[in-house]
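Q: got a predicted model here, sequence first, then my questions.
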Number of protein chains: 2
Amino acid sequence: MKILKKINDVRSEIKMAKAEGKIIGFVPTMGYLHQGHISLIRKAKEECEYVVVSIFVNPTQFGPKEDFNRYPRNLERDIKILKDEKVNLLFAPETEEMYKEGFKSWVYVEELSEILEGKFRPGHFKGVCTVVLKLFNIVQPDKAYFGWKDAQQLIIIKKMVEDLNIPVEIIGCPTIRESDGLACSSRNVYLGEKEREKALCLYKALKKIEELIKKEKIYDCKVLIKEGEKIIKEEGVELQYLEIVKIDNLKKLEKIEKDAIILGAIKIGDVRLIDNLIISEF
Amino acid sequence: MKILKKINDVRSEIKMAKAEGKIIGFVPTMGYLHQGHISLIRKAKEECEYVVVSIFVNPTQFGPKEDFNRYPRNLERDIKILKDEKVNLLFAPETEEMYKEGFKSWVYVEELSEILEGKFRPGHFKGVCTVVLKLFNIVQPDKAYFGWKDAQQLIIIKKMVEDLNIPVEIIGCPTIRESDGLACSSRNVYLGEKEREKALCLYKALKKIEELIKKEKIYDCKVLIKEGEKIIKEEGVELQYLEIVKIDNLKKLEKIEKDAIILGAIKIGDVRLIDNLIISEF
């Protein structure tokens, strides 16, 4: 596996791989890799002849009071994992390589960026879109892999790619969960033992809503949300939002229809966690 | 010359040209071609094996009170010119092909977009950057050609390309002028005979300032601007701005230094005209 820190070096490697006619797959990450990332990499390896992973904790997607500085990092461990997965190229730039002094250019998907996560993390998706577009321009992949765990991010990136005619196919991959159902996240490492248990309440709420839809045939979103909220409140956990929206445009639903998604965010102490569940059919 | 209206058709053509190892040159325009455009196309033909021109009057770079509807158009005449210049591909999409319903994604270069032209045309450069990025993603050129006539636009696009790591080389080409010095512009067609004469005052002001710098060794920008303004006011023409700035970051200069640019905009009746002069050495 090649490990590169400089944009121009990545360009040279990719140029060679493309000259050999290889399909380029790309998995952008912030490192501290878990089973969710590994599932993206395996999917990319299945579908592409040359797989690039990036590890870059992107400062522009963190708010001033967020966890940029303490975000978990362990490049050595990550490199071992990527080698085991037979990744072809790791791009792990320094902040200065990605954001030169006087950086001024931003990509923004309006409306979709301002709701749900966007309300609690203003500027977050502007940072995400900008860094993802930069990485796409550097790696020039044929396919890029994102997890459904960050559903709003995936939907916004798909919209950006469509609107701006970016020549890449975006592949969404299912959320990977730990054995008790907690969605894999680099931020899970922040949780103490008791918090770890409490954190499960969000997934429980999502599953409860799914059950009410599928078994009890309850389709009124207000009623469903209320039932979900109850579970989270009983655990004494702070709920930031719990909403049922249409999966393609994130519009709030009053009544369940197909291709809906239930999205939630909780806060346990300093730790913010998100999760979601897709209702394709019911 | 191929004439295509659909993005996917352009992608197929370009793919073939790239497979043959051809260097792709690109000249984005809003049509109603003049000698300025032709000079860009000739430069592209000199340097590239496959030259693409786009003609698209981009609605998102016009303000609600601006001249989008009456902007001059003559596709038939443009096609004749492009055929004579042996352009390989003309991309002339309809608005609906470029902006699908529910379009939401924008590219923005902060600070540089808010000064000079940006003060008089809020949102203009956001529209320009967005459409240029879209066209780059569709055509995927190796080199793209822009005129120095629209100096601020060129500087902003260069900044966008650098910041977002867009894999294209931006080539700035000198302003082409009519025999009396008026900068070529599609908008010159708006001018009546008397207005046409008055319009020259901006170029005269720029040349006067250049002369004061180079012959009279006057380097105080306030003094220089005052002399330029006098010429425009004497002609009874509305001056929107006249500024001397550093060419790379558009910062206002107090004293002339090398790589300065004098930028101005005037309004004659409904017609807005811009021009500039670069002071590389003095």
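A: Right, received. Where do you want to start? Note that the structure is predicted; figures quoted are calculated from it, not measured.
Q: and the stretch 101-250 of chain A, which residues reach chain B?
A: Proximity of the stretch 101-250 of chain A to chain B, by CB under 8 Å from any CB of the partner chain, involves residues A:102-112, A:129-130, A:133-134, A:137-138, A:140, A:159-160, A:162-167, A:249. C-beta: built from backbone N, CA, C; applies to glycine.
Q: go again with 7 Å.
A: A:103-112, A:133-134, A:137-138, A:140, A:159-160, A:163-167 (CB under 7 Å from any CB of the partner chain).
Q: in contact with residue A:80, which residues are there?
A: Residues near residue A:80 by CB atoms under 7 Å, 6 or more residues apart in numbering or on different chains: none.
Q: confidence score at it?
A: With respect to pLDDT, residue A:80 scores 98.
Q: so residue A:208 sits in a strand?
A: No - under the criterion used here (DSSP: H, G, I helix; E, B strand; the rest coil), residue A:208 is helix, not part of a strand.
Q: can you pull out the helices in the stretch 151-282 of chain A?
A: Here the stretch 151-282 of chain A has its helices, by DSSP state H, counting those that start in this stretch, at A:151-163, A:193-214, A:221-234.
Q: flag every buried residue along the shortest one.
A: Buried residues in helix A:151-163, counted by 16 or more other CB atoms under 10 Å in any protein chain shown: A:151, A:152, A:153, A:154, A:155, A:156, A:157, A:158, A:159, A:160, A:161, A:163.
Q: relative to chain B, which of the residues you listed is nearest.
A: residue A:163 (3.6 Å; CB to the nearest CB).
Q: apart from its chain neighbours, what residue comes closest to that closest one?
A: What sits nearest to residue A:163 in space, not counting adjacent residues and going by CB to CB, 6 or more residues apart in numbering or on different chains, is residue B:105, at 3.6 Å.
Q: that neighbour bridge partners, please.
A: Beta-bridge partners for residue B:105, by DSSP bridges, are residue A:109.
Q: correct me, but it touches residue A:166?
A: No - using CB atoms under 7 Å, residue B:105 is not in contact with residue A:166, being 9.5 Å away.
Q: and the strands in chain A, which stretches?
A: Using DSSP state E, the strands of chain A run over A:2-4, A:24-29, A:50-55, A:89-91, A:105-109, A:143-147, A:169-173, A:238-246, A:260-268, A:271-279.
Q: distance to residue B:72 and mean neighbour count for those - can I get that in JSON lines?
A: Supplementary listing: the strands of chain A in JSON lines, determined by distance: least, CB to CB, whole Å; neighbours: other CB atoms under 10 Å in any protein chain shown:
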{"stretch": "strand A:2-4", "distance to residue B:72": "49", "mean neighbour count": "15"}
{"stretch": "strand A:24-29", "distance to residue B:72": "43", "mean neighbour count": "27"}
{"stretch": "strand A:50-55", "distance to residue B:72": "46", "mean neighbour count": "26"}
{"stretch": "strand A:89-91", "distance to residue B:72": "47", "mean neighbour count": "23"}
{"stretch": "strand A:105-109", "distance to residue B:72": "31", "mean neighbour count": "24"}
{"stretch": "strand A:143-147", "distance to residue B:72": "41", "mean neighbour count": "22"}
{"stretch": "strand A:169-173", "distance to residue B:72": "39", "mean neighbour count": "18"}
{"stretch": "strand A:238-246", "distance to residue B:72": "43", "mean neighbour count": "18"}
{"stretch": "strand A:260-268", "distance to residue B:72": "48", "mean neighbour count": "22"}
{"stretch": "strand A:271-279", "distance to residue B:72": "50", "mean neighbour count": "21"}
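Q: no further queries at this time; thank you.
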